[in-house]
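*Asks:* here is my input; please provide its structure:
(2 chains)
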Amino acid sequence: MSTLPLLELRDVGKSYGANRVLRGFNLSVQPGEIVSLIGPSGSGKTTALRCMNFLERYDEGEVWIDGQLLGYSGTGRREADRDSEAKVDEVRNPLSMVFQQFNLWPHMSVRENVMAPLVLGKKMPKAQARTLADQALSRVGLSAKADAYPARLSGGQQQRVGIARALAVKPRLMLLDEPTSALDPELVEEVLQVIRSLADDGMTMVMVTHEMSFAAQISDRVVFMEAGQIVESGAPGPLFNAPKTERLQQFLKPWFNRSLTPRAQVTS
Amino acid sequence: MQELMSYLPEFANALLVTLGVSLAAAFIGLTLGFALNAARIAIPGFALIYSLYVWLIRGTPFLAQLAVIYFGLPVIGLRLEAVEASILSLALYSGAYFAELFRSAWASVPHGQVEAARVHGISRVRVFWHVQAPQAMAFALPLLGNQVILTIKESAVTSIITVPELTMTAGRIVSTTFSYVMPYALLVLSYWLLTSSVAAIARALGQRMTRHLRG
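*Replies:* Residues are numbered from 1 along each chain as shown, chains lettered A, B, ... in the order given. Alright, predicted model coming up:
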């Protein structure tokens, strides 16, 4: 694994006024890797993820996507130093994203939702976009719903449309921000199955999740955060089976108490 | 009955004047309001000008604004006919309210939808037209219809500067015939007819635009 990292964060930090929500964040993601960010609420996981595609303007450090610096051209990190939106769009082009709240466009049909980034973003001819959209929808098992509007779908189906939309642009890396947190428990599994199948296909992913057993199953690396910092990270087997820090042991306790033993523990 | 027939043509004419003045003003006001909101989004620093404009217009009576434009502008050499001055002031007045309606309509589209579009390479201009506008307009439509109705009713104030619209005409008929009930009943009925038509059109359009959002 000595290839160029697809995504690299070096000493990334983010503050809201005096509140430093992310500090000294380092992460390197190789093509094909799956990294999960876990940690208690407010630990900075989502902020870290949102800095990776400049939805949050980080104000310390560097984010590199495929060898290009994201968001800034110089060394300054203030609002005035940021690159133009067109430049940001160009650098983050290899990334796509799945949101906790799906963020589908309710006035567009399911197919139009998946086509929009291709037609409106990449300025692809409609016929070609339609083909790609239908492929992506069939990939998440929703071909039958292509003409429906999002309001007609269940939460799980809506999130699968969200995944299809993020898939149709043929990203090199997909960011997933708590993709199952807004779902009823019974709908979680259908979404996890789709994500698992993407993992099997070798999609590079960075995911924020509260689904510990799922993170244990699919991740190459798990990053545990607290108070805006990485506390512990590593392969899921050792991390879940033998957490080194007391904080992570404490955090994982409820999971083991509920006897939701990660599969990685069983197999390793 | 014969008396009614004697001033009915004049009344019908006045109805057209009210309709013309208020619809022209509402059309310009809508355009102005839309442009103000778009500029507020697109141009950094425009928000200040926007707030000043809305603050000024909403903080003063329409009658005072009309007076400034009709009696004040000639001082700087711009003399407008009563109808022109009425349309202009009513447009500037309603424009501030229309702008606020558009602003709230745009704010009603969840920001996450904008983020989803932006991170998938859709430019801000296209987000405005393809993501926000269709939903915001559906949200705004009943409110816009309501504001058009308010504009029609506010046009009664222009009778002060002798625009031959409904209110002015009714008053003149009363003062020449000394009959009160019929002209004023007709006046109320005419406004009610105009405003109800606008409400019906807005409702029909609104239902068309939100059909698929209802799930």
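*Asks:* near chain A, which residues of chain B?
*Replies:* Proximity of chain B to chain A (C-beta under 8 Å from any C-beta of the partner chain) is limited to residues B:110, B:112-113, B:115-124, B:126, B:130-131, B:134-135, B:138, B:212-215. The C-beta positions use only the backbone N, C-alpha and C, and glycine is treated the same way.
*Asks:* of these, grab the buried ones for ChimeraX.
*Replies:* Here is the ChimeraX command that picks out the buried ones among these, judged by 16 or more other C-beta atoms under 10 Å in any protein chain shown:
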select /B:113,115,116,117,118,119,120,121,122,123,126,130,131,134,135,138,212
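*Asks:* quick one, phi psi at A:Arg57?
*Replies:* Dihedral pair for A:Arg57: phi -80, psi 100, per degrees, to the nearest 10.
*Asks:* what's the pLDDT at it?
*Replies:* On pLDDT, A:Arg57 comes in at 96.
*Asks:* strands along the chain, start to end?
*Replies:* You didn't say which chain, so I picked chain A. Under the criterion DSSP state E, chain A contains strands at A:7-16, A:19-29, A:34-38, A:60-65, A:68-69, A:95-98, A:173-177, A:205-208, A:221-226, A:229-234.
*Asks:* um, chain B though
*Replies:* Counting by DSSP E, chain B contains no strands.
*Asks:* shaky segments in it?
*Replies:* Residues of chain B meeting the criterion pLDDT under 70: B:1, B:211-215.
*Asks:* which residue ranges form the helices in it?
*Replies:* Applying DSSP state H to chain B gives helices spanning B:2-42, B:46-58, B:62-67, B:82-107, B:111-119, B:124-126, B:133-154, B:166-177, B:181-210.
*Asks:* how close does A:Val29 sit to chain B?
*Replies:* From A:Val29 over to chain B the distance is 17 Å, taken as C-beta to the nearest C-beta, to the nearest Å.
*Asks:* over to A:Gly61?
*Replies:* Distance, A:Gly61 to chain B, using C-beta to the nearest C-beta: 20 Å.
*Asks:* got a list of what that residue touches?
*Replies:* Residues counted as contacts of A:Gly61 (C-beta atoms under 8 Å, 6 or more residues apart in numbering or on different chains) are A:Leu9, A:Arg10, A:Asp11, A:Val12, A:Gly13, A:Gly24, A:Phe25.
*Asks:* among those, who's most crowded?
*Replies:* Counting neighbours by other C-beta atoms under 10 Å in any protein chain shown, A:Phe25 comes out on top of those with 26 neighbours.
*Asks:* ok, that residue to chain B distance?
*Replies:* Using C-beta to the nearest C-beta, one gets 19 Å for the distance from A:Phe25 to chain B.
*Asks:* relative to chain B, which residue of the stretch 151-268 of chain A is the closest?
*Replies:* The minimum distance from the stretch 151-268 of chain A to chain B, using C-beta to the nearest C-beta, falls at A:Ala151 (3.4 Å).
*Asks:* that residue: how many residues sit nearby?
*Replies:* By the criterion of other C-beta under 10 Å, A:Ala151 has 13 neighbours.
*Asks:* correct me, but it touches A:Met108?
*Replies:* No: at 11.2 Å, A:Ala151 does not count as touching A:Met108 under the criterion of C-beta atoms under 8 Å.
*Asks:* how many neighbours does residue 26 have?
*Replies:* No chain in the question, so chain A it is. Look at A:Asn26: counted by other C-beta under 10 Å, it has 13 neighbours.
*Asks:* let's do chain B instead
*Replies:* Neighbours of B:Ala26 under the rule other C-beta under 10 Å: 26.
*Asks:* thought it was touching B:Gly95?
*Replies:* No: using C-beta under 8 Å, B:Ala26 is not in contact with B:Gly95, being 9.6 Å away.
*Asks:* any bit of stretch A:201-208 sitting next to chain B?
*Replies:* No: Stretch A:201-208 stays clear of chain B (C-beta under 8 Å from any C-beta), getting no nearer than 13.4 Å.
*Asks:* measure B:Ser94 to B:Thr151 for me?
*Replies:* Taking C-beta to C-beta, to the nearest Å as the measure, B:Ser94 falls 5 Å from B:Thr151.
*Asks:* can you check which residues contact both of these two?
*Replies:* Contact with both B:Ser94 and B:Thr151 is made by residues B:Ala25, B:Ala26, B:Gly29, according to C-beta under 8 Å, 6+ apart.
*Asks:* switch the residues you listed over to JSON lines; also include distance to A:Ser43.
*Replies:* Converted to JSON lines, these look like this (distance: C-beta to C-beta, whole Å):
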{"residue": "B:Ala25", "distance to A:Ser43": "55"}
{"residue": "B:Ala26", "distance to A:Ser43": "53"}
{"residue": "B:Gly29", "distance to A:Ser43": "50"}
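*Asks:* out of the residues you listed, which one sits closest to B:Trp192?
*Replies:* B:Ala26 (17.5 Å; C-beta to C-beta).
*Asks:* from B:Ala105, how far off is that closest one?
*Replies:* According to C-beta to C-beta, B:Ala26 stands 17 Å off from B:Ala105.
*Asks:* same check on A:Pro117?
*Replies:* Relative to B:Ala105, A:Pro117 is positioned 24 Å away (C-beta to C-beta).
*Asks:* of these two, which one has the most company?
*Replies:* It is A:Pro117, of A:Pro117 and B:Ala105, that has more neighbours when counted by other C-beta under 10 Å, with 24 against 21.
*Asks:* the more buried one contacts A:Val169, doesn't it?
*Replies:* Yes: using C-beta under 8 Å, A:Pro117 is in contact with A:Val169, at 5.1 Å.
*Asks:* okay, and the common contacts of these two?
*Replies:* Among the neighbours of A:Pro117, those also in contact with A:Val169 (C-beta under 8 Å, 6+ apart) are A:Ser96, B:His120, B:Gly121.
*Asks:* and which of the residues you listed is nearest to A:Leu69?
*Replies:* Nearest to A:Leu69 among the shared contacts of A:Pro117 and A:Val169, with distances taken as C-beta to C-beta, is B:Gly121, at 18.6 Å.
*Asks:* what sits against the closest one?
*Replies:* Counting by C-beta under 8 Å, 6+ apart, B:Gly121 touches A:Asp89, A:Asn93, A:Pro117, A:Gly121, A:Lys122, A:Val169.
*Asks:* ramachandran angles for the closest residue in space to the fourth one that isn't next to it in sequence?
*Replies:* In space, and not counting its chain neighbours, A:Gly121 is closest to B:Gly121: 3.2 Å by C-beta to C-beta, 6 or more residues apart in numbering or on different chains. According to degrees, to the nearest 10, the main-chain angles of B:Gly121 amount to phi 80, psi 10.
*Asks:* with that, I have no additional questions.
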